[in-house]
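Participant: Quick one, structure for this:
(chains A and B)
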Number of protein chains: 2
Amino acid sequence: MIGIFDSGIGGLTVVKALMEHLSGYDIIYLGDTARTPYGTKSSETVKKYALENTEFLLNKGAEIVIIACNTASSVATESIAENFDVPIFEVITPAVELSINTSHKPCIGIIGTRATVKSGIYEKKIKEINPQARVYSKACPLLVPLVEEGWINKPETKMIVKKYLHPLKVRQINTLILGCTHYPLLKNIIQKKIGKRVSIIDSSVAVASNVKAFLEKHREIDDMLSKKGRYTFFVSDVTEQFEKIATSMLKRDIHLKHVKI
Amino acid sequence: MIGIFDSGIGGLTVVKALMEHLSGYDIIYLGDTARTPYGTKSSETVKKYALENTEFLLNKGAEIVIIACNTASSVATESIAENFDVPIFEVITPAVELSINTSHKPCIGIIGTRATVKSGIYEKKIKEINPQARVYSKACPLLVPLVEEGWINKPETKMIVKKYLHPLKVRQINTLILGCTHYPLLKNIIQKKIGKRVSIIDSSVAVASNVKAFLEKHREIDDMLSKKGRYTFFVSDVTEQFEKIATSMLKRDIHLKHVKI
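Facilitator: Numbering: from 1, shown residues only, chains lettered A, B, ... in the order given. The predicted structure follows:
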């Protein structure tokens, strides 16, 4: 199975992208809702949680693991790869590779949680590929709670998005990376506020196409993955809100299984 | 010592009120920042966290414990009282007692997290004392992240507060309970939006005066409490944000100690 974890509901945007790119592949999802959010926590704490989540997915039979959370991807990927011997995917590199190719003079904006932005990982990875690229980032810590409240189209959300994007807009970025798996749910507002000429890179879609390419190249791993269209959702805390948002996002009935991590 | 815990920074409003009401008493504070927020989580999960926090404070030498978090107060007080043999204070009853006395025809609004409002505990306790009281409540889940971001005076915060208070305003409440220890930090905006004729009950101040009255009555317990003006702050996750807000809120340098819960 393909194992995916996130701190909460954000990673469901990755599940959605996988359903489109790798239709029929069995997926096991873990939302660590008892300890959500990760983006305001220290990297040591997030690393500990990410290792526990990975172990849980492997015990449940995952053959590959996707870290569907930018915060965990930015601080915990190395630890996970050192500790477990399965292919690990994170959401940062695929988005970085896409962002470099949208313009011959990349001027890239990054939005994410406080922890992701503080890690500086996007800047580092972009500069490694293209040292001439200009990169600006902005932490947007209120967007996760706004999405988790379902305030997708409220005027207050639009104002807050506009305020957060303002410093990137004055830099005249031509590419914007949505550096948090919650943000694709706000993509329409973000596109409107940043301007239609700016290419938006959705890390959920980027990682899904990355996994697809990997499996096409590594048939021996692809053969191990079951493909019966089964989707299993575990959460470390059951709340109505999660079930509601998940059902509306994935457009199917979601039954949550409660687990202790 | 007086032990206090909260999911994060909200309980510092209780520390502040205690510094005024019981100046000089030693206080040990635990902010469970590794697992914050509590208000969006299930009651089983919050109960588990609250028991662990209480145990931590007792091991550190607390003689009485204040649950400085409305969510934990509403779902975990009973479990804590059953499991530990020290005086336990919660933030709900003192606010309820005050709210009943502000008007001879109480029409009381309550704002809090989703978990607190869902528990229905304020309504229950108010009706027990005065079955004629009219009570309306409204969950305001975005106020905690707004406070934790330090967006105290931003126009977006004012709009969101106004939107949340609207249904209470049309009910013409005469009393409003701030049913979350974060909310006193938004008291000015809340007063402005709900109208100056509405009495606002701050549960942080209510519990502090309650503890003071208790200690005046129970001299044997008061004698056990050390009074050297020492304040110790533990957090389960260290973030800059916490230190910054705590220092500005309590108007003194705060040094955080990191603990594993």
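Participant: Could I get the contacting residues of the residue minimising distance to the centre of chain A?
Facilitator: Within chain A, one residue has its C-alpha closest to the average C-alpha position: by C-alpha atoms, centre = their mean, that is A:Thr181, at 3.2 Å. By C-beta atoms under 8 Å, 6 or more residues apart in numbering or on different chains, the contact set of A:Thr181 is A:Asp6, A:Gly10, A:Gly11, A:Leu12, A:Thr13, A:Val14, A:Ala68, A:Cys69, A:Asn70, A:Val91, A:Ser203, A:Ser204. (Glycine included, C-beta is placed from N, CA and C.)
Participant: mind running it again at 6 Å?
Facilitator: Counting by C-beta atoms under 6 Å, 6 or more residues apart in numbering or on different chains, A:Thr181 touches A:Gly10, A:Gly11, A:Thr13, A:Val14, A:Ala68, A:Ser204.
Participant: Flag every residue of chain A that's near chain B.
Facilitator: A:34-35, A:41-42, A:45, A:141-142, A:145, A:149, A:156, A:159-160, A:237-239 (C-beta under 6 Å from any C-beta of the partner chain).
Participant: What pLDDT does the model give the residue nearest to the centre of chain A?
Facilitator: At A:Thr181, the model reports a pLDDT of 92.
Participant: Let's verify it: helix, strand, or coil?
Facilitator: Classification of A:Thr181 by DSSP: H, G, I helix; E, B strand; the rest coil places it in coil.
Participant: Repeat that for A:Ile152.
Facilitator: When the structure is reduced to helix, strand and coil (three-state DSSP), A:Ile152 reads as coil.
Participant: Could you check how many residues crowd around A:Lys260?
Facilitator: 9 (other C-beta atoms under 10 Å in any protein chain shown).
Participant: Ignoring the adjacent residues along the chain, who's closest to it?
Facilitator: Spatial nearest neighbour of A:Lys260, excluding adjacent residues (C-beta to C-beta, 6 or more residues apart in numbering or on different chains): A:Ser236 at 7.0 Å.
Participant: which residues does that neighbour contact?
Facilitator: Residues counted as contacts of A:Ser236 (C-beta under 6 Å, 6+ apart) are A:Asp32, A:Thr33, A:Ala34, A:Ile261.
Participant: Name the nearest of those relative to chain B.
Facilitator: Proximity of these to chain B, judged by C-beta to the nearest C-beta, is greatest for A:Ala34, which lies at 5.1 Å.
Participant: show me where chain A has strands.
Facilitator: Assigned by DSSP state E, the strands in chain A fall at A:2-6, A:27-31, A:64-67, A:88-90, A:107-112, A:134-139, A:175-178, A:199-202, A:231-235, A:256-258.
Participant: Quick one, which of the ones you listed gets closest to B:Arg219.
Facilitator: Each of the strands of chain A was checked against B:Arg219 via C-beta to C-beta, and the shortest separation belongs to strand A:256-258, namely 47.1 Å.
Participant: Quick check: can you name the pairing partners of the closest one and their directions?
Facilitator: Sheet pairing for strand A:256-258, assigned by DSSP bridges, gives strand A:231-235 (parallel).
Participant: mean confidence for the partner strand?
Facilitator: When the per-residue pLDDT values of strand A:231-235 are averaged, the result is 96.
Participant: May I have the residues that are in contact with the residue in the stretch 151-261 of chain A positioned nearest to chain B?
Facilitator: Here the residue of the stretch 151-261 of chain A nearest chain B is A:Asp237; by C-beta to the nearest C-beta that distance is 4.7 Å. With contacts defined as C-beta under 6 Å, 6+ apart, the neighbours of A:Asp237 are A:Thr33, A:Ala34, B:Lys41, B:Ser42, B:Thr45.
Participant: Relative to chain B, which residue of chain A is the closest?
Facilitator: Checked against chain B (C-beta to the nearest C-beta), the nearest residue in chain A is A:Pro145, 4.1 Å away.
Participant: Got the confidence number for the nearest residue to that residue once chain neighbours are set aside?
Facilitator: Ranked by C-beta to C-beta, 6+ apart and with sequence neighbours excluded, the top spatial neighbour of A:Pro145 is B:Pro145, at 4.1 Å. At B:Pro145 the predicted local confidence, pLDDT, stands at 90.
Participant: Can you get me a residue count around B:Pro145?
Facilitator: Applying other C-beta under 10 Å, we find 21 residues neighbouring B:Pro145.
Participant: what does the one 10 residues further on give?
Facilitator: Around B:Pro155 sit 11 other residues, with neighbours defined as other C-beta under 10 Å.
Participant: same deal with A:Ser23?
Facilitator: Counted with other C-beta under 10 Å, the burial measure for A:Ser23 works out to 9 neighbours.
Participant: what's the burial count for A:Val211?
Facilitator: Other residues near A:Val211 come to 23 when the count uses other C-beta under 10 Å.
Participant: Please tell me how far it sits from A:Leu51.
Facilitator: Computed as C-beta to C-beta, to the nearest Å, the A:Val211 to A:Leu51 distance reads 21 Å.
Participant: which stretch in the strands of chain A has the least confidence?
Facilitator: Among these, strand A:256-258 scores lowest, at a mean of 92.
Participant: what's the offset of that one from the middle of its chain?
Facilitator: 21 Å (C-alpha atoms, centre = their mean, to the nearest Å).
Participant: Which residues outside stretch A:110-120 are in contact with it?
Facilitator: Stretch A:110-120 is contacted by residues A:39-40, A:70-71, A:74-75, A:122, A:137-141, A:177, A:179-180 when judged by C-beta under 6 Å, 6+ apart.
Participant: and the two most separated of those residues?
Facilitator: The largest separation in the contacts of stretch A:110-120, counting by C-beta to C-beta, is between A:Thr40 and A:Ile177 at 20.0 Å.
Participant: These two: which is more packed in?
Facilitator: Using other C-beta under 10 Å as the criterion, A:Thr40 and A:Ile177 rank with A:Ile177 on top: 28 against 24.
Participant: Who does that one form a beta bridge with?
Facilitator: In this structure, A:Ile177 bridges to A:Ile110, A:Ile201 when assessed by DSSP bridges.
Participant: What is the lowest-mean-pLDDT helix or strand in chain A packed up against?
Facilitator: The helix or strand of chain A with the poorest confidence is helix A:240-250; it has a mean of 86 (mean pLDDT, DSSP states H and E). For helix A:240-250, the contact count by 3 or more C-beta pairs under 6 Å, 6 or more residues apart in numbering or on different chains; DSSP states H and E identifies helix A:12-21 as packing neighbours.
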